[in-house]
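>>> what would the 3D arrangement of this be:
(2 chains)
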2 protein chains.
Amino acid sequence: MNTADLGLPVDVPSTALFTDHYELTMLQAALKAGSAERRSVFEVFTRRLPEGRRYGVVAGTGRVLDAVENFRFDADVLAFLRERRIVDAQTLAWLAEYRFDGDIWGYPEGEVYFPGSPIMRVEGSFAECVLLETVILSVLNHDSAVAAAASRMSSAADGRGLIEMGARRTHELAAVAASRAAYIGGFTTTSDLAAGFRYGIPTVGTSAHAFTLVHDSERDAFRAQVQSLGRGTTLLVDTYDVTEAVRLAVEVAGPELGAVRIDSGDLLLVAHRVRQQLNELGATHTKIVVTSDLDEYAIASLRAAPVDAYGVGTQLVTGSGHPTSSMVYKLVARAESPDPQAPLVPVAKKSIGGKTSIGGRKWAARRLDEHGVADAEVVGTGPVPDELADRQLLVQLVKGGQVVAREPLDVVRDRHAAARAGLPLSATQLSRGEPVIPTEYV
Amino acid sequence: MNTADLGLPVDVPSTALFTDHYELTMLQAALKAGSAERRSVFEVFTRRLPEGRRYGVVAGTGRVLDAVENFRFDADVLAFLRERRIVDAQTLAWLAEYRFDGDIWGYPEGEVYFPGSPIMRVEGSFAECVLLETVILSVLNHDSAVAAAASRMSSAADGRGLIEMGARRTHELAAVAASRAAYIGGFTTTSDLAAGFRYGIPTVGTSAHAFTLVHDSERDAFRAQVQSLGRGTTLLVDTYDVTEAVRLAVEVAGPELGAVRIDSGDLLLVAHRVRQQLNELGATHTKIVVTSDLDEYAIASLRAAPVDAYGVGTQLVTGSGHPTSSMVYKLVARAESPDPQAPLVPVAKKSIGGKTSIGGRKWAARRLDEHGVADAEVVGTGPVPDELADRQLLVQLVKGGQVVAREPLDVVRDRHAAARAGLPLSATQLSRGEPVIPTEYV
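This is a model prediction of the structure:
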C-alpha cells in the first residue's frame, strides 16, 4: 500500500515501531530456538466490560488493517534497532523481509462484544503474529473505548444531533481516531478537520467566545459572523448575557438564524428560556445547540429540554470514565512442533490472581431468543452447533496477508446501530448493570 | 523545518488540520470584518486541578513547538478546505501564506502548575493566534495528564525503577507522547520502541507469557531465552507455578540471572516469597520486577516489598483516573482597534456556570517562604513586584515566529524533579487534598 493512500494529516511510513521492545526479543529468542515458525493462534478478548457497562463496541478494525499492511521494517527502523542493539543480526535480517502472511479473523467493526468474545483472531507463525500484538491492542483498546461511550451517548440523544468536539481534550492523533470511533458509535458530525480529511466525516463549527471578545461589542461580532457565514450560522449566545444575546442574534440575523449555542450555565433551564424567547421573536426554526461538559447522563437529562443538538468533548474522547478497553492478545493455540502439518494444541496461562484465559482456537455466535433478540454470546472451541452456524460472528479480515474486508465507515456505523438494536432493551439503560447477555462457553 | 527532522515513525507533513472547524470560520469572519489583525493575547490555563490532586505538571511544550513550526496549509489541505467549502477564497489565500509570526511564552516544560497558572501565552494577530488553539490544547492536555500521573508514581516509587509499558492501552501515537511525558514525570525506561526512536528514551523488554506457552515446557522457554538474551535477562515466572518457575529460572540461568518478572497474584506476598527463594538459591543479585495493573497507590503499597522495578501501563497512560487536564485557551486581551499601535484591553467572558476567567495579559511567579519552599503561585496583570522579579515562571519559547527554547528531554526531566522538590512536603502525599500552594491574584 502506498502510504500516501492513508491520507493526510499523517503519513505513517511504517507502523512497525508501534511495538513493545519485548516482541522483538521474543522473536530473537524464538528464531534461535527454532520455535519462531510454530503455527500459532492469538486471540484478542477482554475478561470483563468496564464496571457497569452492558455491552462493548468493536471499533478500530479498519485501522488495524491499515496498521498490518504498513507493518514493515525499513532501513531507518533497522538502523535504530541495530544501533541500540535491541536485536541481533539474524533477527534484523528476518525483520527486513517481514510482512504478515497469515490470516486474521474478527468481529466485524461496529459489532457489539461481551466478556470473552474472541474479538480478533490472528493466525500464522509465532514470529509473524507475536510482532503485531502491541499495535493491534493500541488501536482496538483506544477506539473501542471511545465507540462504547459514543454508543451510550447516541442512545441517550435519541435521534438528536451529536457533534464530536473533543480534539482539544486528547492527543492530536488520538483525536482523529476518536472522531472515527464516535461516528461509528452514532455521532453525526465532528469539529476535527483532520477527521474530515482522513475519514470523510462531516465537519461543523462556527465560533468561540474569543470571536465575540475580539470585537468591540457582541453586536459587531454577530454582524461580522452573519455577514461572512450567512444567516444559517450558529451564534454563541453566552459570552455576556444570554437573553440579551438571543435578542441581538435574531435582530442581526433575522428569524432565519440557523441556531444558537449555549456553552455554560444550567442547560435545562437556559434551553427552555431560550426556546421560548426564540419563539416569541418569531425564530421558531432556529435550533438550539448545547455544549458544556456533557456526558451520556447529561444528554439523557436534557431529553425533556428543547435541545436540537449536543456537542460532546471531554467525556467522549476519554471514554466517559473508561478510556481504555482492557483487551488482551493471548496465544491460545500453537502447533505441537515446528512442522507446518503439526496439529494445534490449546495453551493458556495457569490462572492466578484472576487473569483467566481459555485455551483453544475459538468461534463465537450470538444466540437469539424466539423474538429474534440476542440472548447469549456463545463461545466455543469445538465444532459449531448446527443451530448457531448462521449466527457466527467472526469474519475473515486478512487472508494470506491480503486484506479482504475493507469497508466504508457508513457501513460500520449502520452495523453498530443494527447490532445494538438486536440486544435486549436493557442494553441501552444507562444505569450500571451486568453485561446485557451472558457469555456461554461450549 | 524539514519534517524528516521530526523522526520516524510518523512524519507530520502538517499539523494544520489538527484544528477545529470553527477556528477557520472565525478566521474567515474576522478577515471580512477587519478584526483579524487585531493584536491579541491568548492564554492557556486550567480553572482547577483534577479532584484531589496537589499539583499539575506542564508537559508537551516541546511538542507544541514542533506543532507550531509545522502548522502550514499545503496544497492537499487547501484543496480539502476548498472542496468541502469550509472557508471562502479570501480565507484560503490567507491560509496558503500562513505561518505563525508571533510570540509564545510559557512555563518551561516540567514545571509544576496550579489553578490559574498562565501555562502558555500566545501573542500576535487574532487570526494567527486563534488557529493554534486546538493543537496546543490537544498536546498540553494529553501530555500534562500523563506527566502528572507519572510524577505521582515516581514519588511513590521512591527511587526504584519505573518502566512505562502502556502502549497497548492507548492510541498508538498517543502512546509515544505518553512515553515522553512519563519520562518527564520520572519514569526511567519505556517498552515503546517508537518512543525510543523518536525521543531517545531507553527501551526495555524481554518476554511475555506467549513465549513460554509456544514452547513445549517452561524449561525449554527459559533455556531459549537465556541462550539468546543472556543470563542478565528477565524471566517471566508466573505462567504456571511461581515457585517452580523461580527454581527453574535459577537452574537454567544460574545465580547471575538478571531479574524475574511477576505479572499476577498478590504482588506483596509473592515478591517476599520470591526474594527469599532467590536468596536461598544464591541468586542474591537477581532483581524482581512487578507489572500487574499498578497505579501510584499500588506502587506505594509495595514500598515494603523487595521489589526493584515497577512496570506500569494502563493507569499511567490514562492519567490515573484523569486522562485529560482541562486546560483552556482563552483570549485575555486584544487591541482597542486594528491599528498595530493600539493599546491592549483586557477581555473576559462573563462568568455563568462557574467558567470564570480573568482578563489581561498575565505574569506568574512562585513565592517562597523563609526556608526556600514554595508558598504561593502569584499571578498578576500589572507590574511585577520587585520581590518576585527573579521568581517569574514564564519564559519565551517563540520570538517572532522562531522557536527560541528547544531543550533536551533530560533537562526537562531534571527540571520537573527540582520543581517538585521545591514544593511543600505534602505535595507528594497521595491522599486527596487541595492544591499544595494557593494561587494569589494581584
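
>>> CA atoms for contacts and neighbours, from now on please.
Fine.

>>> give me every residue that touches the most centrally placed residue in chain A.
Nearest to the mean C-alpha position of chain A, counting by C-alpha atoms, centre = their mean, stands A:Asp143 at 2.7 Å. Going by C-alpha atoms under 8 Å, 6 or more residues apart in numbering or on different chains, A:Asp143 touches A:58-60, A:177-178, A:181, B:171.

>>> domain ranges for chain A?
Each domain of chain A is listed here as a residue range: A:3-131+A:326-426, A:146-321, per automatic domain parsing.

>>> mean neighbour count, the ones you listed: which tops it?
For those, the largest average neighbour count (mean count of other C-alpha atoms under 10 Å in any protein chain shown) is found in domain A:146-321, namely a mean of 22.

>>> and the average pLDDT for it is what?
The predicted model gives domain A:146-321 an average pLDDT of 97.

>>> just the terminal-to-terminal distance for that domain.
End-to-end distance for domain A:146-321: 10 Å, by C-alpha to C-alpha, to the nearest Å.

>>> re the thing from before, redo the domains of chain A as CSV? Include distance to B:Asp339.
As requested, those are exported to CSV (distance: least, C-alpha to C-alpha, whole Å):
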stretch, distance to B:Asp339
domain A:3-131+A:326-426, 36
domain A:146-321, 14
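
>>> where exactly do the helices run in the stretch 1-150 of chain A?
Secondary structure of the stretch 1-150 of chain A (DSSP state H, counting those that start in this stretch): helices at A:21-33, A:61-69, A:75-83, A:89-96, A:126-130, A:133-157.

>>> which one of those lies closest to A:Ser228?
Among the helices of the stretch 1-150 of chain A, helix A:133-157 comes nearest to A:Ser228, with 31.0 Å by C-alpha to C-alpha.

>>> relative to helix A:21-33, how tilted is that closest one?
Angle of helix A:133-157 versus helix A:21-33, following axes from the mean of the first three to the mean of the last three C-alpha atoms, to 10 degrees, is 140 degrees.

>>> what's the offset of the next helix or strand after helix A:133-157 from the middle of its chain?
Note on helix A:133-157: by DSSP states H and E, the next helix or strand toward the C-terminus is strand A:161-164. Centroid displacement of strand A:161-164 relative to its chain, using C-alpha atoms, centre = their mean, to the nearest Å, is 15 Å.

>>> residues contacting strand A:161-164, please?
Strand A:161-164 has contacts (C-alpha under 8 Å, 6+ apart) with A:154, A:179, A:182, A:186-192, A:204, A:308-313, A:316.

>>> which residues of the stretch 51-200 of chain A lie near chain B?
Residues of the stretch 51-200 of chain A lying near chain B by C-alpha under 8 Å from any C-alpha of the partner chain: A:76-77, A:80, A:126, A:134-139, A:141-143, A:165, A:167-174, A:191-194, A:197.

>>> wait, A:Thr189 touches A:Ile201, no?
Yes: if you go by C-alpha atoms under 8 Å, A:Thr189 and A:Ile201 touch, sitting 6.4 Å apart.

>>> distance check, A:Pro338 against chain B.
Separation of A:Pro338 from chain B (C-alpha to the nearest C-alpha, to the nearest Å): 10 Å.

>>> could you do A:Arg38 as well?
For A:Arg38, the distance to chain B equals 8 Å [C-alpha to the nearest C-alpha].

>>> need the nearest residue in space to that residue, chain neighbours excluded.
In this structure, A:Arg38 finds its nearest non-sequential neighbour in A:Pro338, 4.4 Å apart by C-alpha to C-alpha, 6 or more residues apart in numbering or on different chains.

>>> for that neighbour, helix, strand, or coil?
Here A:Pro338 is recorded as coil under DSSP: H, G, I helix; E, B strand; the rest coil.

>>> got the contact list for A:His142?
The neighbourhood of A:His142, defined by C-alpha under 8 Å, 6+ apart, consists of A:60, A:178, A:323-325, B:169-171.
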